[in-house]
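*Asks:* this is a predicted model, with the sequence first.
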Amino acid sequence: MRAIYRVATATFHEAWRRRFLNAILIFAVLIIGSSWSLAYLQPGAELKLLIDIGLGSTRFFGMLIAVFLGVRLISDEIEKRTIHTILTKPVTRAQFLLGKFFGSWATVMSNMLLMSLAFYVVFMIKAPGFLLKTGGTPGEGPGIATEFLYSNIAKALGLTLVEMTVVTALAVMASTLFSWIMAAIFSFFVYFVGQVANFFKSLANPEHGAGTLSQVIFRLLYGILPHFEVFDMREAILKGTYVGWETLGMHTGLGLLYTVVILGIAYLAFMNREV
Amino acid sequence: MKAKPWQQAVGWALIVALLLVIQPVDRKVERDRIVLGMHSPTPLTKIVDFDPTAISGVVMGAALGGFRGLAATMMWLKMQELWDRGQGTWFSCLQVMRNVTLLDPYWIEPWKILGWHLAYNLYVETKDPQERGVLLAKGVAALKEGISWNPNTYELYAELGWTYFDKIRDYEEATKWFRASLQFPHPEYLERMIAHAYEQLPDMDRALDWYDYCLKRNPDDGTARGATTTLRLRYLPAWRLMQAGKYDEALKAIDQHLRVDPNGTIGLHVKAHIYEQAGRKREALETWRVSARVSATDQLARYKVSELSAELGLPVSPEEQAPTYLMEQYESSKRMAVPRRGRL
Amino acid sequence: MEVEEGSIFGLVGPNGSGKTTTLKLLLGLIYPTQGSGKVFDFPLGSPEYKQRIGFLPEGPYFYDHLNAIELLQFYGGLFGLGGGKLEARIEELLRLVGMWDRREIRIRNYSRGMLQRIGVAQALINNPDMVFLDEPTAGLDPTAQIEMRDLMHQLRDQGKTVFLCSHLLKEMEPLCDAVVVLSRGVVRRQGRICDLLAVQSGRYQLRATGCANVSMQSLRDKALDLTVTGNEISLLVADQPQALVVAQEIADGGGTILEFGAQTRSLEDVFIEAVAAGGSD
């Protein structure tokens, strides 16, 4: 635990000093802040625009941060041989890997929390004004359902945190396998293909006329890929659906399972690797 | 310590076991999501009879994942910029609109604008009847596809109802979609629209029922009050006489009104309807012909001319007929069911 | 090969001879495909001995946002060190490597020499029984090289084992107690350095200057070999009595003996020999 904690804190501190990360964060907060005025560009759909910009950028920039931070974690250490000074101390590879993961995870989460906070503050201030426009007449509403609006947005942000946990693990895993550029390409690829995992499921359906082998491949892909789309709660927000804690718990559990599997693969790849 | 091969094997076995554990959890989560309407993935099956390129759009949209909403909004802003440049960009606008609906099918506004743009703006851009037919059919299909994504709000039902009412002049079909929209919180005018549609059809009993309903809901509804007064004054006497089987008197009564307003569409429709009820199909046909002549937009009269001519085995001149594409819509509507409340 | 406790051990060989690979094997960074080894009686790569070793990699790179103190706190933390004890240790080490005055500077701004110094400090943070140093003097200026050598002697005097890896033979020669010469992954020579350099022939070497009045012919008759470079001559003679005779002759002729002793080989000679032997495999 001690070694994990030490490696994690060192990783966390180093990550926060990375200029590109700070740049992404500042840019993201600026964009989120700009939804303040951008919302007026879309009369009748101000709330939707506000949510799309806020949630969308939190997810998008969160993913960028998680990937670009994670993919350099292990490969950089190997390249610069810092890893030699660490693994020759009483630190096992598992501890090192977990330390690196938790360090970057803490960085990603703190970045995410900052972005979420920025968005939520903007939303809390701006949304009531847009909601007032409803005036009780259907057809002149804010363009989206108003039920559970605030709580659903908070929950959606929470699910995004879970999603980014999985993305961080994915990037760390890629980092144990490839150089950072390859690892970044790999992470983006898995992330985007994971978004369309359902597509593979429907392709595996015999109705679509795929051959038996293709069906097996599609089904396997569906089984292996993390289904990142399950962390999307946008429809619930737009339609004002109540999302219970139990449901959120299931989603979080699923995200943690993904994380465990990905880190497990990362460890298996890393444990006998020459460094 | 280097891991032995068997240790690695155990490790991979554990990974596979975990992946197997994930499957039921994943299934449960995905079921919950669909049941709760948290976010359902974009199934290709919902693209109704629209365009094959939509499939790549859907895949693209899905790949954008969480950013699709933002992408849709940005594209929508771009569309408005194009729009403001004028008519020359209308077909470009169409592409952008369509992509917005693929990216963010839960956003109602683009569906409405898309349907209207196809069935109205682009429709009048072309004189080619075949093109018009395609555009109109696409407009209707777009709205229906939009409804399949957003079945729990009045807006797209009302929009489709209006398209049937105003563009296709299929009043029967219009009332179905307007009625469907009433299942959800809706603006008052939709109830009146149903009454207006029945007036045109003509079905004065139903029209009166709906006006009464409007007035019971809101006694201050001036429009409904005015409309019901007019209806009672102009058409109801003839209508009642017709219902009593006194066709000649009924015809006399409606002619009295038609002397004042010889080109009144509703009056002509009522007159034609009385002839039909009286079994005087030829005169009914003639009346519909008159109505079609005096009003360029009275497509219902043209459908009736076609129907009755066919029934009587008479030839129809092309200019008397409704364009084929409208006729097709009118015919196909008769086979269409109206969606019930809830998800499709 | 074996390393004696409390000595300075050198692993020498040309680039690509397998020095770093050997080192990595010993440190558990890579794993042997065959064969085995032990460090303090523990098998290679086992975590048990890592408490007792220190390592300075070649051309080290550290988390460069930290300063010297923070870096050593981090590495100390990995050993579970902390508190006042660690602080005292850090100060001691920073003074030892001459970095105490520069302890607040971020590693990002370090020179090559400073990196090497802090690298040594981190390798010693746990007061290890054995330190592995990969090319410790590479890229250092002469003063720093001498300081580094002194430091290694100091470590040995404290009873620690120092394991050096280098292709810089000149530096290893005055430093190491024992060396292993490696070429193409095979041990070519090994042993205590005095043994390796010892002369089997019993021949003597002389170097002298100011021999203008000495009969070259006479010297040439007594020597096995004589070379004249400028006003300096060097001779190789068969044995000690003969060498004394020659020396006397030079002294009598007014010459100055610069060097007089048994013939030795430099480590370089051993190295070249060994590599040449490897080449003929």
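*Replies:* Cool, got the structure.
*Asks:* correct me, but A:Leu161 touches A:Met109?
*Replies:* Yes. If you go by C-beta atoms under 8 Å, A:Leu161 and A:Met109 touch, sitting 6.3 Å apart. For glycine as for every other residue, the C-beta is placed from the backbone atoms N, C-alpha and C.
*Asks:* what mean pLDDT does stretch A:73-93 get?
*Replies:* Averaged across stretch A:73-93, pLDDT comes to 88.
*Asks:* the stretch 101-250 of chain C: strands as residue ranges?
*Replies:* Taking DSSP state E, counting those that start in this stretch to define them, one finds strands in the stretch 101-250 of chain C at C:130-134, C:161-166, C:178-183, C:186-192, C:204-209, C:225-229, C:232-237.
*Asks:* go through the ones you listed and name the closest to chain B.
*Replies:* Chain B sits nearest to strand C:130-134 of all the strands of the stretch 101-250 of chain C, at 18.6 Å, using C-beta to the nearest C-beta.
*Asks:* same for that closest one, what does it pack against?
*Replies:* Contact partners of strand C:130-134 among helices and strands, from 3 or more C-beta pairs under 8 Å, 6 or more residues apart in numbering or on different chains; DSSP states H and E: helix C:19-27, strand C:53-56, helix C:112-123, strand C:161-166.
*Asks:* need the contact list for B:Tyr123.
*Replies:* B:Tyr123 makes contacts with B:Arg132, B:Leu135, B:Leu136, B:Gly139, B:Lys167, as judged by C-beta atoms under 8 Å, 6 or more residues apart in numbering or on different chains.
*Asks:* secondary structure element holding it?
*Replies:* helix B:123-125 (DSSP states H and E).
*Asks:* now the helices and strands packed on strand C:130-134 in a markdown table, with distance to A:Leu157?
*Replies:* Compiled in a markdown table, the helices and strands packed on strand C:130-134 are given as follows (distance: least, C-beta to C-beta, whole Å):
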| stretch | distance to A:Leu157 |
| --- | --- |
| helix C:19-27 | 45 |
| strand C:53-56 | 44 |
| helix C:112-123 | 41 |
| strand C:161-166 | 53 |
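*Asks:* if we can go back for a sec, now the helix holding B:Tyr123: mean pLDDT?
*Replies:* Computed over helix B:123-125, the mean pLDDT rounds to 78.
*Asks:* show the subsequent helix or strand relative to it.
*Replies:* For helix B:123-125, the following helix or strand on the C-terminal side (DSSP H and E) is helix B:129-149.
*Asks:* show me what that following helix is packed up against.
*Replies:* The elements that helix B:129-149 packs onto, with contact taken as 3+ C-beta pairs under 8 Å, 6+ apart, are helix B:90-103, helix B:108-116, helix B:123-125, helix B:154-162, helix B:324-333.
*Asks:* convert the C-alpha atoms of it to CSV, please.
*Replies:* Once non-C-alpha atoms are left out, helix B:129-149 reads as follows in CSV (Å, rounded to 0.1, in the frame of the first residue of the first chain):
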residue,chain,number,x,y,z
PRO,B,129,-44.3,16.4,-60.1
GLN,B,130,-42.2,13.4,-59.6
GLU,B,131,-39.7,15.3,-57.5
ARG,B,132,-42.4,16.9,-55.6
GLY,B,133,-43.8,13.5,-54.8
VAL,B,134,-40.4,12.3,-53.5
LEU,B,135,-40.0,15.4,-51.4
LEU,B,136,-43.4,15.2,-49.9
ALA,B,137,-43.1,11.5,-49.1
LYS,B,138,-39.7,12.2,-47.5
GLY,B,139,-41.2,15.0,-45.4
VAL,B,140,-43.9,12.7,-44.1
ALA,B,141,-41.4,9.8,-43.6
ALA,B,142,-39.0,12.2,-41.7
LEU,B,143,-41.8,13.2,-39.3
LYS,B,144,-42.9,9.6,-38.8
GLU,B,145,-39.3,8.6,-38.1
GLY,B,146,-39.0,11.5,-35.7
ILE,B,147,-42.2,10.3,-33.9
SER,B,148,-40.7,6.9,-33.5
TRP,B,149,-37.9,8.5,-31.5
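*Asks:* which residues sit against that helix?
*Replies:* Contact with helix B:129-149 is made by B:46-50, B:98, B:101, B:105-106, B:108, B:111-112, B:114-120, B:122-123, B:126, B:156-157, B:159-160, B:163, B:167-168, B:323-326, B:328-329, B:339, B:344, as judged by C-beta under 8 Å, 6+ apart.
*Asks:* circling back to that earlier point, do you know which of the helices and strands packed on helix B:129-149 lies nearest A:Met124?
*Replies:* helix B:108-116 (24.6 Å; C-beta to C-beta).
*Asks:* so that closest one versus helix B:154-162, what angle?
*Replies:* With axes from the mean of the first three to the mean of the last three C-alpha atoms, to 10 degrees defining the directions, helix B:108-116 sits at 10 degrees from helix B:154-162.
*Asks:* quick one: helix B:108-116 near chain A?
*Replies:* Yes. Helix B:108-116 lies within reach of chain A by C-beta under 8 Å from any C-beta of the partner chain, at B:Ile108, B:Glu109.
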